[in-house]
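**Student:** Predicted structure and sequence below. I'll ask about it afterward.
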Amino acid sequence: MISWQKKHDELRRVESVCLKMLHEFQQNEIHVSWAMVGLLAQESLQELQTNFKSRKSPYQIKNYSPFPLSQDKFTDIPYEIISGLNEAKSILQTEHQELSSHTFSHYYTLEEGQDISHFGEDLEDMSIVSEKLNTSFKSIVFPRNQINEDYLKACQEKGIIAFRGNQPNNYWSNSPYSKESLSKKGMRFLDAYYKVSNTQTSKIQDLAEISGLLNIPASRFFRPHSGKQLLEKRKIKRIKDEMTNAAKTGCLYHLWWHPHNFSNNTTLHFEQLAVIMEHFKNLKNTYGFKSLNMSEIAELPRT
């Protein structure tokens, strides 16, 4: 069990981690989509409570939602520490970086109790955030990659043009979190290090469009450092091999992770990121491999 103090310290380091990532991405010309939870774009808990005090949990399992808001929920970790407002502003000021939607409330589109009306409310709240930041969200990453295709039309009506889809295999299949088996989670863990599944890739012209949104499937989750040297070697080799295959075949490779994963073992994580970026540059020089964020992919011609 992770202590509140350890989590507190981890979250406090997120801003410095994000700034270092932005610097590395800029130096290496890496284009990135950063998915942000909208409720973290407030100056303070007081501002959050004032603007969104009427929101309630839409789920049968109430603790899936941050609502209703209360001071008690931020006793152990103050809102000021988890706020991502400074990070969002830095992302918007950095070339080739896109600020994407991760929904306003870290919304789960497949859990019991919620419906399209609740999701619509969440989209409206995210519109308020876009105005606050003077930007527009063109892509969306659904929390836990729960994708309810019935909701994509509502996203399209808000100007969103792309979403991160799931890897098309049983271990990454679309499902409610509450119904995921331990075996499925375990196989996803193993897949980071061993070839449990074949990572499928697609050319841009073959990507599917659903309700006006381009499906850009995830390829690989860059797992946090395990502390095991053998596993880490296998993890990086798996990523590099998959990148090489995508570059050779003219396909996309969609690597993703959570910035807060770098808050622990920070030096080791950035060393691995440097290896991956160097491999990308070699593939760029050899095969013309490109770095694009999600909205840039969606705006490319596909004929």
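**Tutor:** That came in fine, so what should we check first?
**Student:** what residues are up against the closest residue in space to Thr249 that isn't next to it in sequence?
**Tutor:** The shortest distance from Thr249 to any residue other than its chain neighbours is 6.8 Å, reached at Thr201 (CB to CB, 6 or more residues apart in numbering). C-beta: built from backbone N, CA, C; applies to glycine. Taking CB atoms under 8 Å, 6 or more residues apart in numbering as the contact definition, Thr201 lies against 219, 242, 245-246, 249, 251-253.
**Student:** Which element, helix or strand, includes Thr201?
**Tutor:** Assigned by DSSP states H and E, Thr201 falls within no helix or strand.
**Student:** ditto for Met21
**Tutor:** Counting by DSSP H and E, the element that carries Met21 is helix 14-28.
**Student:** next helix or strand past that helix?
**Tutor:** Past helix 14-28, the next helix or strand by DSSP H and E is strand 32-36.
**Student:** who does that following strand touch, helix- and strand-wise?
**Tutor:** Packed against strand 32-36 by the contact rule (3 or more CB pairs under 8 Å, 6 or more residues apart in numbering; DSSP states H and E) you find helix 85-92, strand 97-101.
**Student:** Would you mind giving those as JSON lines with mean neighbour count added?
**Tutor:** Listed next are these as JSON lines, based on neighbours: other CB atoms under 10 Å:
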{"stretch": "helix 85-92", "mean neighbour count": "18"}
{"stretch": "strand 97-101", "mean neighbour count": "23"}
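**Student:** For Asn169, which of these is the nearest?
**Tutor:** Closest approach to Asn169 among the helices and strands packed on strand 32-36 (CB to CB): strand 97-101, 24.0 Å.
**Student:** Run through the neighbouring helices and strands of the closest one.
**Tutor:** By 3+ CB pairs under 8 Å, 6+ apart, strand 97-101 packs against strand 32-36, helix 85-92, strand 139-140, helix 294-298.
**Student:** and the longest one, how far from the chain's centre?
**Tutor:** Centre-to-centre, helix 85-92 and its host chain are 15 Å apart (CA atoms, centre = their mean, to the nearest Å).
**Student:** Let's test this: mean pLDDT of that helix, rounded?
**Tutor:** Helix 85-92 shows a mean pLDDT of 96 in the predicted model.
**Student:** quick one: the residue most central in space within the chain and His258, what's the gap?
**Tutor:** The centroid of the chain falls nearest to Ala35 when counting by CA atoms, centre = their mean (4.9 Å). With distances taken as CB to CB, to the nearest Å, Ala35 is found 9 Å from His258.
**Student:** Helices of the stretch 201-303 of the chain, residue ranges please.
**Tutor:** Using DSSP state H, counting those that start in this stretch, the helices assigned to the stretch 201-303 of the chain run over residues 229-249, 266-287, 294-298.
**Student:** I'd like to know which of those helices is closest to Pro168.
**Tutor:** helix 229-249 (14.7 Å).
**Student:** For the stretch 51-200 of the chain, which segments count as helices?
**Tutor:** Counting by DSSP H, counting those that start in this stretch, the stretch 51-200 of the chain has helices at residues 79-82, 85-92, 116-133, 152-157, 182-191.
**Student:** for the third one, packing partners?
**Tutor:** Secondary structure elements in contact with helix 116-133, counted by 3+ CB pairs under 8 Å, 6+ apart, are helix 85-92, helix 152-157.
**Student:** From the chain's centroid, how far away is the helix holding Met21?
**Tutor:** 16 Å.
**Student:** Report the mean confidence score over that helix.
**Tutor:** pLDDT averaged over helix 14-28 gives 96.
**Student:** got it, and stretch 230-237?
**Tutor:** Stretch 230-237 comes out at a mean pLDDT of 97.
**Student:** Distance to Met277 added to the helices and strands packed on helix 116-133, as a markdown table?
**Tutor:** Output for the helices and strands packed on helix 116-133, formatted as a markdown table (distance: least, CB to CB, whole Å):
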| stretch | distance to Met277 |
| --- | --- |
| helix 85-92 | 18 |
| helix 152-157 | 31 |
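**Student:** Among the ones you listed, which comes closest to Ser117?
**Tutor:** Closest to Ser117 of these, according to CB to CB: helix 152-157, at 10.1 Å.
**Student:** Output that closest one in PDB with nothing but the alpha carbons.
**Tutor:** In PDB, the C-alpha atoms belonging to helix 152-157 read as follows (Å, rounded to 0.1, in the frame of the first residue of the first chain):
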ATOM      1  CA  LEU A 152     -18.200   9.900 -30.100                       C
ATOM      2  CA  LYS A 153     -20.800  11.900 -32.000                       C
ATOM      3  CA  ALA A 154     -21.100  14.300 -29.000                       C
ATOM      4  CA  CYS A 155     -17.300  14.700 -29.000                       C
ATOM      5  CA  GLN A 156     -17.400  15.500 -32.700                       C
ATOM      6  CA  GLU A 157     -19.900  18.200 -32.100                       C
END
